[in-house]
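Asks: coordinates for the following, if possible.
(chains A and B)
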2 protein chains.
Amino acid sequence: MSVPAALRWVEPPAGPAVELLDQTRLPAAEEFLTCTDVPQLVAAIGRLAVRGAPLLGMAGAYGVALAAFRADDVEAAAAAIAAARPTAVNLAVGVNRALTAWRAAELGDGATPRQGAAPGASAALAEARSIAAQEAESSAAMARHGLALVPDGARVLTHCNTGSLATAGEGTAFAVIRAAHRAGKLTRLWIDETRPLLQGARLTAWEAGRSGIPHSLLADGAAASLMASGQVDLVLTGADRIAADGSVANKIGTYGLAVLARHHRVPFVVVAPASTVDLGTPDGAAIPVEHRPAAELAIVAGQQVAPSGTEAYNPAFDVTPPSLVTAIVTERGVIQPVTPGSLRDLGAYMSLRTAS
Amino acid sequence: MSVPAALRWVEPPAGPAVELLDQTRLPAAEEFLTCTDVPQLVAAIGRLAVRGAPLLGMAGAYGVALAAFRADDVEAAAAAIAAARPTAVNLAVGVNRALTAWRAAELGDGATPRQGAAPGASAALAEARSIAAQEAESSAAMARHGLALVPDGARVLTHCNTGSLATAGEGTAFAVIRAAHRAGKLTRLWIDETRPLLQGARLTAWEAGRSGIPHSLLADGAAASLMASGQVDLVLTGADRIAADGSVANKIGTYGLAVLARHHRVPFVVVAPASTVDLGTPDGAAIPVEHRPAAELAIVAGQQVAPSGTEAYNPAFDVTPPSLVTAIVTERGVIQPVTPGSLRDLGAYMSLRTAS
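Replies: Numbering: from 1, shown residues only, chains lettered A, B, ... in the order given. The predicted structure is shown next:
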């Protein structure tokens, strides 16, 4: 058993193409979409067949390479891909990295851009592959550092989806979980179903099954009694943004888990790339939280489960204060305890790396 | 606007039968099930078409009357009904009350039990009707006592369904909420959707709408951030069983709310009839917790949302220790603080009443 790649570049003669695992069909079916042109890729991104910030960055970069190999108008294709999900910053970043590589190769001599495969197409493809390799390397480093925090025989509780469906590697928190499983340290993975969008049930349970990890699904509201029964040794989650004071914004439900973990004396560990730390956001109160439509709660699997017109409190994220976070694992190592000082050190490193 | 009766006895010629509002079909449809024999009723109880502690007590008693009118083996029928939901103490109590009335009427002269309709059937039916009348009266008394604990302008969070779909009156916690609304003290009702069976979304939101109460639905995992934002003044829930030490068994997710309420200094109040207190159960550990099938999590609205065959941790209830319970409201008054002594006093009163 293994997890199929969520995104793959297809060489000629079958390609050039970008092959995607259609995540909207999981877990009912494992269907692959082969995008042989940019409009197909843009449509797939738009309908969330491919999702997850790092994976979107890769999709964007490979999309630019695809346009270049097809001898399309690469600048127009890049703009179309980046606009497929305007709020997904990683998508635009991935597109721009491949586009910059393409431009450098095509225009490096100052000549008029040529239509055709080489050398811009090869440069764009190399950049896309470099992004994928960096993601995989970062994921492996997080797994390595996080593994040290997993006790032998651990029963780990996780929330939402943080695995290989969202990145080129094995993910963030889920990469630590897979490493613990390979090391023989994991007795059981508990998976919060993660309402309202059920990423735990739909995606994480599927990835755990494909990875051969013993796992059980639970309603988000059952985590408290599970902890009280002494069956949780560690909580591992990802993060969407980490403020300068160590406050962690992540999928709604994460903060409640952190409070419960503290009450039951269970370590609560966040796994996220260092790029998630945003020193421009001073604290939790400064993190903007997106509120999503009531329909996400009222309509489940296409069926109306609450009376039509019911109002809802439906934030996409919540914010966990640093006092409840036992440790933050990044590709650079483990931050423990989580303090403004330790975050500042990491942020300074990131700024240096970005500037270099 | 009004709420239709959740349970009704049907006289001949249409009956004898027990008519139930099929709560699994709400809010999409208001469909009624007519149970003309005990296996139909047991099946309805098992699949939660009828639910809620007081209503289960009524269903149990009417079920015994139904068996008696049908000239079934009443003792066997009573045992089958009581076993349909083993954690629901009210179900067994209702069954036993009707069974005791039946036995007294049938065997009062010391003769061999007779098969047939009268006089045991009439006695069982009279006892079931008496239970229903007591429930309505008890609900009104709980509302009166609980109202004193609701601050002006209160924003109340509730879990599961505790309204008139669960009893003959206006319910337990929901009766307090309706009383607070009528008294102009309620600013907003926050309703946990209550996974896995979504009683909050399907039933409580429907009842709140029918009662004209301003309300918002939330994912169970969103309660923590709602409390952190300072928008919850009081948590009100029901109870399925209260042990002698004050431990409260209630719908899965209740215990987590109690931990969160304590963390955010929000009062956590349980509203339940005195019959819910079971002095024969010494503490929380002695309360049997029913574990339900994984399919309740894996299949939502008829659609497979988790991979087929996924294991699950799916207890129907959790147990909240008395240290986290601010007060227990019964029809007898308010118990605060919740101690073994205060519960014993209530239990002694109940024993006296039952014996009389």
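
Asks: for chain A, which strand is longest?
Replies: If you go by DSSP state E, chain A has its longest strand at strand A:186-192.

Asks: mean confidence for that one?
Replies: If you average the pLDDT over strand A:186-192, you get 98.

Asks: would you mark the buried spots in it?
Replies: Judged by neighbour count (16 or more other Cβ atoms under 10 Å in any protein chain shown), strand A:186-192 contains these buried residues: A:186-192. Placement of C-beta: from N, CA and C, glycine included.

Asks: B:Ala298: which of these is nearest?
Replies: B:Ala298 has its nearest neighbour among the buried residues of strand A:186-192 in A:Ile191, at 11.5 Å by Cβ to Cβ.

Asks: can you pull out the low-pLDDT segments for the stretch 201-350 of chain A?
Replies: A:347-350 (pLDDT under 70).

Asks: count of neighbours near the nearest residue to A:Cys35 once chain neighbours are set aside?
Replies: The spatially closest residue to A:Cys35, leaving aside those adjacent along the chain, is A:Leu41, at 4.1 Å (Cβ to Cβ, 6 or more residues apart in numbering or on different chains). Residues near A:Leu41, counting by other Cβ atoms under 10 Å in any protein chain shown, number 27.

Asks: for A:Leu48, same thing?
Replies: A:Leu48 has 12 neighbouring residues, counting by other Cβ under 10 Å.

Asks: what residues are up against it?
Replies: If you count contacts by Cβ atoms under 8 Å, 6 or more residues apart in numbering or on different chains, A:Leu48 has them with A:23-24.

Asks: wait, a helix at it?
Replies: No. Going by DSSP: H, G, I helix; E, B strand; the rest coil, the assignment for A:Leu48 is coil, not a helix.

Asks: and it, how close does it get to chain B?
Replies: Distance, A:Leu48 to chain B, using Cβ to the nearest Cβ, to the nearest Å: 16 Å.

Asks: ok, A:Phe174 next?
Replies: Taken as Cβ to the nearest Cβ, the span from A:Phe174 to chain B is 16 Å.

Asks: list the contacts for A:Gly230?
Replies: Applying Cβ under 8 Å, 6+ apart, no residues contact A:Gly230.

Asks: in which helix or strand does it reside?
Replies: Assigned by DSSP states H and E, A:Gly230 belongs to no helix or strand.

Asks: count the neighbours of the residue in the stretch 101-250 of chain A that chain B sits nearest to for me.
Replies: Scanning the stretch 101-250 of chain A for proximity to chain B using Cβ to the nearest Cβ identifies A:Gly221 as nearest, at 2.7 Å. Counted with other Cβ under 10 Å, residues neighbouring A:Gly221 total 31.

Asks: again with A:Pro4
Replies: By other Cβ under 10 Å, neighbour count at A:Pro4 equals 12.

Asks: now the phi/psi pair for it, please.
Replies: A:Pro4 has phi and psi values of phi -70, psi 150 when expressed as degrees, to the nearest 10.

Asks: what's the answer for the one 4 residues further on, then?
Replies: Main-chain torsions, A:Arg8, degrees, to the nearest 10: phi -150, psi 140.

Asks: what are the bridge partners for it, then?
Replies: Applying DSSP bridges to A:Arg8 gives these bridge partners: A:Glu19.

Asks: thought it was touching A:Ala17?
Replies: No. Using Cβ atoms under 8 Å, A:Arg8 is not in contact with A:Ala17, being 9.1 Å away.

Asks: who's more crowded, those two?
Replies: Neighbour comparison, A:Arg8 and A:Ala17: the larger count goes to A:Ala17, with 22 against 16 (by other Cβ under 10 Å).

Asks: relative to the whole chain's centre, how far out is the longest helix along chain A?
Replies: Longest helix of chain A, by residue count under DSSP state H: helix A:120-147. Mean C-alpha position of helix A:120-147 versus that of the full chain (Cα atoms, centre = their mean, to the nearest Å) differs by 13 Å.

Asks: ok, now stretch A:149-162?
Replies: That offset, for stretch A:149-162, works out to 17 Å (Cα atoms, centre = their mean).

Asks: what of stretch A:169-177?
Replies: With Cα atoms, centre = their mean as the basis, the mean position of stretch A:169-177 lies at 10 Å from the chain mean.

Asks: start to end distance for it?
Replies: Distance across stretch A:169-177, first residue to last, is 13 Å (Cα to Cα, to the nearest Å).

Asks: so what's the nearest residue to A:Ala316 once chain neighbours are set aside up against?
Replies: Among residues not flanking A:Ala316 along the chain, A:Glu290 sits closest, at 4.4 Å (Cβ to Cβ, 6+ apart). Contact analysis of A:Glu290 by Cβ under 8 Å, 6+ apart lists A:315-317.

Asks: identify the farthest-apart pair in the buried residues of strand A:186-192.
Replies: Distance extremes for the buried residues of strand A:186-192: the farthest pair is A:Thr187 and A:Asp192 at 17.6 Å, using Cβ to Cβ.

Asks: who in the stretch 101-250 of chain A is up against chain B?
Replies: Contact residues, the stretch 101-250 of chain A versus chain B (Cβ under 8 Å from any Cβ of the partner chain): A:190, A:192-196, A:198, A:201-202, A:205-206, A:209, A:215-226, A:228.

Asks: just give me the neighbour total for the nearest residue to A:Asp72 once chain neighbours are set aside.
Replies: Among residues not flanking A:Asp72 along the chain, A:Val38 sits closest, at 6.4 Å (Cβ to Cβ, 6+ apart). For A:Val38, the neighbour count with other Cβ under 10 Å is 23.

Asks: likewise the one 4 residues further on?
Replies: The criterion is other Cβ under 10 Å. On that basis, A:Val42 has 20 neighbouring residues.

Asks: about what we covered before: so the residue nearest to A:Ala316 versus B:Val156, what's the distance?
Replies: 26 Å (Cβ to Cβ, to the nearest Å).

Asks: ok, now A:Thr36?
Replies: 56 Å.

Asks: more neighbours: these two, which one.
Replies: B:Val156 (26 against 16).

Asks: wait, doesn't that one sit right on B:Phe174?
Replies: No. Proximity of B:Val156 to B:Phe174 does not meet the contact threshold set by Cβ under 8 Å, at 10.2 Å.
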